[in-house]
Every structure is written in structure tokens, then in C-alpha cells.
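> Here is my input, please return the structure:
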Amino acid sequence: MQRLVLLACVATLICWPTHSMSASPKKRILVVTTTMGYRHSSIETAEKVIASLGATSGAYEVELATVPPSDPADTPAYREQVRAMLDLKLQPAALKQYQGIIFASTTGELPLPDGPALVQWVRDGGAFIGIHSASDTLHGFRPYIEMLGGEFDYHREQVTIEAINEDASHPANRQLPATWNLEGKLEEIYVFKNFQPDAVHELVALDRHPNTRVPGHFPLSWCRDFGRGRVFYTALGHNEHVWQMPAFQQHVLGGIEWALRLR
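Okay, the predicted model is just below:
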């Protein structure tokens, strides 16, 4: 009898650690694609790709914060819809349910319910991911721009590029070649102002102006620690065909997972 009791105890001790090592729950990400200015036609593609990457990788699940514009887009009713949606999704109490927030091709002065609370949420350990015109958003709210690390200045006609992989060891860049040409396809390339090279870690850059080809340094993607949180930004993603590129998808996924501290 004592032997049976001992064996039962041993079995319990062996099984208990296995049970305790169950898989961690998926991270929860809010994907904001609301626009108060220009609205990219690639937004719907971006939403689908980001959600698919989360489902395929098992890293995160997505909740959308978007208000498709009516025709015409800039109406009092549309602005009120945006304000009400952001009040619901981005109020300080709501932020606690997310581990990451993505601004994907957002534009304009979004009516945030509490801008300082959003920046503090990142500083306190949240993951913020900005894609394409996230840098052309909230120009009037300087703490956001300072957190992001750079601000959209202008772009000209779409071009082909040869971007330099600045850190092949970073999760966002591991699948990229040393020189990345986006499969030779056209893309809208941003030039930045108020860029903070000493505050960020550059990931992808050009060594010449995208349009004039004059030699210089032109960042396209970077990341940074921000307090206890992390920020990842990529300026690419204007066109649908860029979102459909496996290399770009892995660039975005690697950046998201890095910001969530999964890699």
C-alpha cells in the first residue's frame, strides 16, 4: 500500500510541471487604420495581412479600430464616428487590454481621447508599431512624434529603390538580402524631418535620395526602446503589391514580434 502511495506521488510530481508549461496566450494587438487625411487604398490589404500574419505565426490576435470613410469622407458625421470609435478603443482603461498597438497608414490629427496616456502606455511597457504614414499622423502632438523617432516631411513620385539592410540580425531584417529592391517594383518613399538617429536603431536605409539620387543618408525603418516599451517603424507599405511581398510581410512580422518581446 505504501508503495502504491509513493508511486502515485511520484506520478503527480512528474505530471505537474508538464501541465504548468502550457502555451502562453496570444498577445492582443489593436490595429488602428483610421484616417483624418489621405486614405491609402492599401489599408484593407494591410488589415488582412496583419491579421493573417498573427494567425499563421500564432504570435498575436488582432482587433481593428477603423472607420471606412463615407463619400465625401470629410463630413461632421464621419469625424464624429472616428472620435467615438477612438474614445472606445484608446481610452486609458481600454489600453490595458492590449499588449501592442499598430498605426497602419493612419493620417492626420486623430482625435485621441488621451494622447499623453497613449504615450505613457508605451513607456510603461507597451509595444507600438508604426507603418507607412503613421509618421504623417499627429504632427500637432509632439510627444507622439518624439516617441516615433521621426516625422514625415515629403515624398515625390514613386520609384524603385535599393535599400540597405542595416542589421541582418534583427528579427525584422533576417529574411532580407543585404540590398533590398522590393522586387524591382515602384514604391512611395518618404523623406523625414526631425529624425532622431541617436535615439533609434536603424534597420533599413538608402544611401542616396530616392528621387534625385544625390548621395546621402535616408532612413526607411528603425526601432527603439522607449522607457520599458518598444517602438518599431517602417516607412514602406504604400502600395498593395508591397504588402503582398513575402519579404515585406516578414519584415512587418519580425518588427511586431520584436516590439512584443517575442523575439
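> low-confidence ranges in this protein?
For the chain, the stretches with pLDDT under 70 are 1-24, 71-73.
> For it, just list every one of the strands.
All strands of the chain, identified by DSSP state E, fall at 27-32, 60-65, 100-104, 127-131, 151-154, 163-165, 179-180, 191-193, 201-208, 215-226, 229-234.
> any chance of the ones you listed in a markdown table, with mean neighbour count and distance to Gly255 too?
Where you see a C-beta, it was placed from the backbone N, CA and C, and this is true even at glycine. Shown next, in a markdown table, are the strands of the chain (neighbours: other CB atoms under 10 Å; distance: least, CB to CB, whole Å):
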| stretch | mean neighbour count | distance to Gly255 |
| --- | --- | --- |
| strand 27-32 | 20 | 12 |
| strand 60-65 | 18 | 12 |
| strand 100-104 | 26 | 10 |
| strand 127-131 | 26 | 6 |
| strand 151-154 | 16 | 18 |
| strand 163-165 | 21 | 13 |
| strand 179-180 | 16 | 14 |
| strand 191-193 | 16 | 17 |
| strand 201-208 | 18 | 8 |
| strand 215-226 | 19 | 7 |
| strand 229-234 | 24 | 4 |
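> Output those in CSV; the columns should cover distance to Ala77.
Formatted as CSV, the strands of the chain follow (distance: least, CB to CB, whole Å):
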stretch, distance to Ala77
strand 27-32, 20
strand 60-65, 18
strand 100-104, 23
strand 127-131, 27
strand 151-154, 28
strand 163-165, 41
strand 179-180, 42
strand 191-193, 34
strand 201-208, 40
strand 215-226, 36
strand 229-234, 32
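> out of those strands, nearest to Leu118?
strand 100-104 (7.6 Å; CB to CB).
> The closest one pairs with which strands?
strand 27-32 (parallel), strand 127-131 (parallel) (DSSP bridges).
> So for Asn181, which of those sits nearest?
strand 127-131 (19.8 Å).
> Quick one: residues in contact with the closest one.
27, 29, 46, 99-105, 122, 147-148, 226, 229-234, 236-237, 252, 255-256, 259-261 (CB atoms under 8 Å, 6 or more residues apart in numbering).
> swap the cut-off to 6 Å and go again
Residues outside strand 127-131 that contact it (CB atoms under 6 Å, 6 or more residues apart in numbering) are 100-104, 122, 148, 230-234, 237, 256, 259-260.
> Quote the end-to-end distance of stretch 121-128.
By CA to CA, to the nearest Å, the extent of stretch 121-128 from end to end equals 9 Å.
> which parts of that stretch are buried?
Under the neighbour-count criterion of 16 or more other CB atoms under 10 Å, stretch 121-128 has 121-122, 126-128 buried.
> Out of those residues, the closest to Leu53 would be?
Closest to Leu53, out of all of the buried residues of stretch 121-128 and judged by CB to CB, is Ala127, at 14.5 Å.
> All the helices of the stretch 1-150 of the chain, residue numbers only.
Secondary structure of the stretch 1-150 of the chain (DSSP state H, counting those that start in this stretch): helices at 2-20, 43-57, 76-90, 92-95, 115-123, 142-148.
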